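Student: model the following, please.
(chains A, B, C and D)
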There are 4 protein chains.
Amino acid sequence: MDKKFLICGGDLRQASVANRLYDYGYKVSVYGFSDTSQFNDKIQIHTSIDQALKDVDIIILPLPCTVDNEIVNMPMSAEKLYITDLLKKMNKNQIIVAGKISKKLYNIAQMYNIYMADYFEREELIVLNVIPTVEGALQIAMEETAITIHGSRCLVMGYGRIGKMLSKSLRDLGANVTVYARSLADLAWIKANALKGISTSQIKDVIAKQDIIINTIPAIVLDEEMLSMISPETLIIDLASKPGGVDFEKANKLGKKVIWALSLPGKVAPITAGEIISDTIINLIDELGV
Amino acid sequence: MDKKFLICGGDLRQASVANRLYDYGYKVSVYGFSDTSQFNDKIQIHTSIDQALKDVDIIILPLPCTVDNEIVNMPMSAEKLYITDLLKKMNKNQIIVAGKISKKLYNIAQMYNIYMADYFEREELIVLNVIPTVEGALQIAMEETAITIHGSRCLVMGYGRIGKMLSKSLRDLGANVTVYARSLADLAWIKANALKGISTSQIKDVIAKQDIIINTIPAIVLDEEMLSMISPETLIIDLASKPGGVDFEKANKLGKKVIWALSLPGKVAPITAGEIISDTIINLIDELGV
Amino acid sequence: MDKKFLICGGDLRQASVANRLYDYGYKVSVYGFSDTSQFNDKIQIHTSIDQALKDVDIIILPLPCTVDNEIVNMPMSAEKLYITDLLKKMNKNQIIVAGKISKKLYNIAQMYNIYMADYFEREELIVLNVIPTVEGALQIAMEETAITIHGSRCLVMGYGRIGKMLSKSLRDLGANVTVYARSLADLAWIKANALKGISTSQIKDVIAKQDIIINTIPAIVLDEEMLSMISPETLIIDLASKPGGVDFEKANKLGKKVIWALSLPGKVAPITAGEIISDTIINLIDELGV
Amino acid sequence: MDKKFLICGGDLRQASVANRLYDYGYKVSVYGFSDTSQFNDKIQIHTSIDQALKDVDIIILPLPCTVDNEIVNMPMSAEKLYITDLLKKMNKNQIIVAGKISKKLYNIAQMYNIYMADYFEREELIVLNVIPTVEGALQIAMEETAITIHGSRCLVMGYGRIGKMLSKSLRDLGANVTVYARSLADLAWIKANALKGISTSQIKDVIAKQDIIINTIPAIVLDEEMLSMISPETLIIDLASKPGGVDFEKANKLGKKVIWALSLPGKVAPITAGEIISDTIINLIDELGV
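Tutor: Residues are numbered from 1 along each chain as shown, chains lettered A, B, ... in the order given. Prediction:
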């Protein structure tokens, strides 16, 4: 509880991290925000990084901490903070806890003898981020259709972390949910959870009849052939990261309604997303024993 | 099945009514829409009311059928159709099925010897309209907060039709739900449904701690005293019709975040709302035996 | 809190009533139990009714309070207590609160100028009793079949208080639930609750395919014609009171597996049933203002 | 579909396996049952193992296939079938599919050049067996307490496959569920599933207040110290296999109410358990390509 945190850069999630750590009783200060109305009144706001770094133990960088490995991701400030500048100004007893640290960034930090830890790799954060991701997907489904989720035919593709919670929530709201999965173990879980599961051989029988299709599989499952079977009125939401699960070019050509919904936690529920990050940071600090 | 329907006026819900009746196998034509892209290609579109009235049995007016008891509610057309004109042009074998018929309108129709029936008074429509109302409330709660419903503290005021389904949906999404009700029987149902119920004497203990408050009671329950206890960060959604349950003037003065969410079915899910109307019309026609 | 209760006669539910009232801080004594191991140690046990009646305000009789209108229902004692004796020995400031008071019994009490109130008629008790009734039905379904409720086809007949909670619980456990109801409003609720509803015209299409049929309608719905369509392997549970919903004679002749499950709360969960009674008594006393 | 199965030995689950394979269209015969009333009329029943082995491809042994590695587990027959006899009489094109094959048994089979496959090791069977296990636990909880699960305080220990489904089912029935887990990832899932999770440091605060404690962790978690904190009225159900999670000797000495509930699927729902086995066998055969 005697740890002193500097929240440095980022968006509303970082404000939420600051407020929550403060509420937990930690000493918290902030750098990299021009509008400070989101912060608890008693949190100290710094405008000079040198001042900010005085007398703190842990510097919290946002998610992602940088997009170019050069400048700290600081969208709510007009200032620019070079990562190497930050590392240079830090002393050896200070550490950085950040989100999505690239291999290159780890190497840079090592050159400056600064320890960096990534909260975005921790299992509890990945699990808890499923919550705002699923709610974000529900919100999109509500906003982008003229029907209710209740009574609609929804196909969830994939039964990993997100597929599990999403299919449960859709069903709880009254949707007719079908879940596509490939492994027999996943199909057993789908059955155990009283959902209708289909395997690869059956997908063509159902894909044309869906009102909403939500993909969670990080591989192109909705290719040209599959897309061509989907009704133009069907809403397709792709939650899969990186390459995504939809061939977007083909989808555009075919006139399909596709929404690529990435990074939902920060967009639909930044406060909750920040709370998840702050709780994960506490676990991380706890395990480091710093 | 040999009934012929004229869908006359209204918004996207009426388009949905037309399409669904057509899908069920009825003969359907339409009057009062300048943009006809929402209709099934095979549905006949009329631009003259005289033409439209030829060879139809049942005229479907929208919800509400009129706002001034003079002109048919026809927001998607530049035309004006006077109700007395419509009544005059109808023959005695034709009937009108409409939503929200005022006492005055019933009297006018009687003068013209035209039978009118109101689908908006039917219990099955009132019940089924709970579905889009609840989803609309969830959508607002998602859109207007920076937190997830999951983990939030929600107070539902009233345990009638909407309160019942809303509190279940909020809980299914992971909210900490408290339900306020006055009658012992309602409180028994709240307990039976494994929710936390509170009665009038306890409301002051919980109202300050809520993230979201949703009122369904059609009487001013959130008066100045109650409003003053609510945090400025709490989102208040009022679903109660007519007078509403919130003293809006006071709420504005006190700087509370209130959303008066009326007529949600037509706004958030017009297709579903139209389907509910069309299914109710079929029941009504069935019972009339026309 | 200064009320003194005498718990008089009954089964384990009455012991539960005694213990709970004692836990709430009331003064409680007991008459009519030979085995007193179920009671809190500090509750006074009487063996003489004259002693028992000294210095008490409210006499609690069991559910039902009598089966013959002559003797207090006292199955856990070898003693016999005549109701007229009880009434005679009471003073005018004492009242009786009892379950299932017959018209005749009310009249007798009036002759002795003793006020009687019936907790079994109160809506909150009727609602809360749905909980142990539904769990009892689930328990029977689990015990009497060699299949899991999960994945089984269940037909719930009737969508009143019990039908509502039962169909939800069966579905939550993973059953394929169909609900039979006659009114359009009930069918609308069934749809709103995302269950499959059927009306009278459809029942013959589904009744032969069920693993479990649970009736809640208090009228012979399963007559000879219907019974003859039901598979001999189907478990039929009748929860309807008095005449019941199954023609038992015909069911026996046809070799159907029927369980008439009455008064489940006292059988499957006497402690919970007693708690429901005691909480209802407190409401009743509260309203009486005695 | 042209495979011929011999169902050999076992209990009602094997009868269910036979009936289901027959329903799927396979050729099925049976050996090792003196009472054959459980079988479909058209399934051939053998009383001689030599006859039985003629013209079959796959021999299905029960779960477990043997308890002593010598004799086939054949509780519903007075006959004895030595495994070595069975292996000797088989030809090389025949294979055995069995449940819980010991290392020793695999070796014996190899000596006879007979291929054996174990369906009990397959993930889909392990997952689907969670269903009858959870229902069995609920049934025990209902039978062994005088309260309803609804409203009761339940502690589920462990959040693996069984813990996940069990805690959901208890909550769906209206229980106040607390889940004990050790890993941060499990605690994150517990939170995501809107349940109350506790870690090791908190267990002592809650264990004394529970009505029902259900253990799923296969290690002694309820040792003398923990047991001594549990109320004598608390029902403890241990679902953990092999060593179990309760120190039974100490529990007996301390007078705690413990039920060691093993192998529930075969006990509470043999037909469902058999269906799970038969479906798994089909997957297995499919993958073997025999």
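
Student: got the residues of chain A near chain D?
Tutor: A:122-125, A:127-128, A:130-131, A:165, A:184-185, A:187-189, A:191-193, A:283 (Cβ under 8 Å from any Cβ of the partner chain). All C-beta atoms are positioned from the backbone trio N, CA, C, and that covers glycine.

Student: which of these are buried?
Tutor: Neighbour counting with 16 or more other Cβ atoms under 10 Å in any protein chain shown marks A:122, A:124-125, A:127-128, A:130-131, A:165, A:184-185, A:187-189, A:191-193, A:283 as buried within those.

Student: among the residues you listed, name the ones in helices.
Tutor: If you go by DSSP state H, these have A:124-125, A:127-128, A:130-131, A:165, A:184-185, A:187-189, A:191-192, A:283 in helices.

Student: just give me the closest of the residues you listed to C:T272.
Tutor: In terms of Cβ to Cβ, no member of those lies closer to C:T272 than A:A192, at 29.1 Å.

Student: hmm, that closest one is touching D:V130, no?
Tutor: Yes: using Cβ atoms under 8 Å, A:A192 is in contact with D:V130, at 5.8 Å.

Student: anything in contact with each of the two?
Tutor: D:M165 (Cβ atoms under 8 Å, 6 or more residues apart in numbering or on different chains).

Student: of all of the stretch 151-290 of chain A, which residue lies closest to chain B?
Tutor: The nearest approach of the stretch 151-290 of chain A to chain B comes at A:D172, 3.8 Å away (Cβ to the nearest Cβ).

Student: is that residue in contact with B:S169, as I believe?
Tutor: Yes: using Cβ under 8 Å, A:D172 is in contact with B:S169, at 7.3 Å.

Student: comparing those two, which shows the higher neighbour count?
Tutor: Per other Cβ atoms under 10 Å in any protein chain shown, whichever of A:D172 and B:S169 has more neighbours is B:S169, with 23 against 17.

Student: which element is the more buried one on?
Tutor: helix B:161-172 (DSSP states H and E).

Student: do the same with A:M76
Tutor: A:M76 belongs to no helix or strand, assigned by DSSP H and E.

Student: what pLDDT does the model give it?
Tutor: Looking at A:M76, its pLDDT is 95.

Student: so what's it closest to, chain neighbours aside?
Tutor: A:F33 (5.0 Å; Cβ to Cβ, 6 or more residues apart in numbering or on different chains).

Student: what residues are up against that neighbour?
Tutor: Applying Cβ under 8 Å, 6+ apart, the residues contacting A:F33 are A:Q14, A:A15, A:F39, A:I45, A:M76, A:S77.

Student: same deal with A:D223?
Tutor: Here A:D223 is in contact with A:D247, A:K250 (criterion: Cβ under 8 Å, 6+ apart).

Student: 10 Å instead, please
Tutor: Counting by Cβ atoms under 10 Å, 6 or more residues apart in numbering or on different chains, A:D223 touches A:G245, A:V246, A:D247, A:K250, A:A251.

Student: contacts with chain C among these, please.
Tutor: Subset of the contacts of A:D223 in contact with chain C: empty, counting by Cβ under 10 Å from any Cβ of the partner chain.

Student: which of these sits closest to D:I101?
Tutor: Nearest member of those to D:I101, counting by Cβ to Cβ, is A:G245, at 40.0 Å.

Student: who in the stretch 1-150 of chain A is up against chain C?
Tutor: So far as Cβ under 10 Å from any Cβ goes, the stretch 1-150 of chain A lies against chain C at A:H150.

Student: what about the strands in the stretch 1-150 of chain A?
Tutor: Along the stretch 1-150 of chain A, counting by DSSP state E, counting those that start in this stretch, strands occupy A:4-8, A:27-31, A:44-46, A:58-60, A:95-98, A:115-118.

Student: reformat the ones you listed into JSON lines and put distance to A:L222 next to each item.
Tutor: Formatted as JSON lines, the strands of the stretch 1-150 of chain A follow (distance: least, Cβ to Cβ, whole Å):
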{"stretch": "strand A:4-8", "distance to A:L222": "39"}
{"stretch": "strand A:27-31", "distance to A:L222": "43"}
{"stretch": "strand A:44-46", "distance to A:L222": "46"}
{"stretch": "strand A:58-60", "distance to A:L222": "38"}
{"stretch": "strand A:95-98", "distance to A:L222": "34"}
{"stretch": "strand A:115-118", "distance to A:L222": "31"}
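
Student: redo those strands as CSV? Include mean neighbour count.
Tutor: Output for the strands of the stretch 1-150 of chain A, formatted as CSV (neighbours: other Cβ atoms under 10 Å in any protein chain shown):
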stretch, mean neighbour count
strand A:4-8, 25
strand A:27-31, 24
strand A:44-46, 16
strand A:58-60, 24
strand A:95-98, 23
strand A:115-118, 18
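
Student: turn these into a markdown table, including distance to chain B and mean pLDDT.
Tutor: As requested, the strands of the stretch 1-150 of chain A are exported to a markdown table (distance: least, Cβ to the nearest Cβ, whole Å; pLDDT from 0 to 100):
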| stretch | distance to chain B | mean pLDDT |
| --- | --- | --- |
| strand A:4-8 | 17 | 97 |
| strand A:27-31 | 18 | 97 |
| strand A:44-46 | 20 | 95 |
| strand A:58-60 | 19 | 98 |
| strand A:95-98 | 22 | 98 |
| strand A:115-118 | 23 | 97 |
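
Student: of those strands, which is nearest C:Y22?
Tutor: With Cβ to Cβ as the criterion, C:Y22 lies closest to strand A:27-31 of the strands of the stretch 1-150 of chain A, at 50.7 Å.

Student: element containing the residue of chain A most remote from its centre, please.
Tutor: In chain A, the residue that sits farthest from the middle, by Cα atoms, centre = their mean, is A:D205; the gap is 32.8 Å. Element membership for A:D205, per DSSP H and E: helix A:203-206.

Student: just the buried residues of that helix, please?
Tutor: In helix A:203-206, counting by 16+ other Cβ under 10 Å, buried: A:I203, A:V206.

Student: tell me what the helix or strand that it is followed by is packed against?
Tutor: The C-terminal neighbour of helix A:203-206 among helices and strands, as given by DSSP H and E, is strand A:212-215. With contacts taken as 3 or more Cβ pairs under 10 Å, 6 or more residues apart in numbering or on different chains; DSSP states H and E, strand A:212-215 sits against helix A:130-143, strand A:153-157, helix A:161-172, strand A:176-180, strand A:235-238, strand A:257-260.
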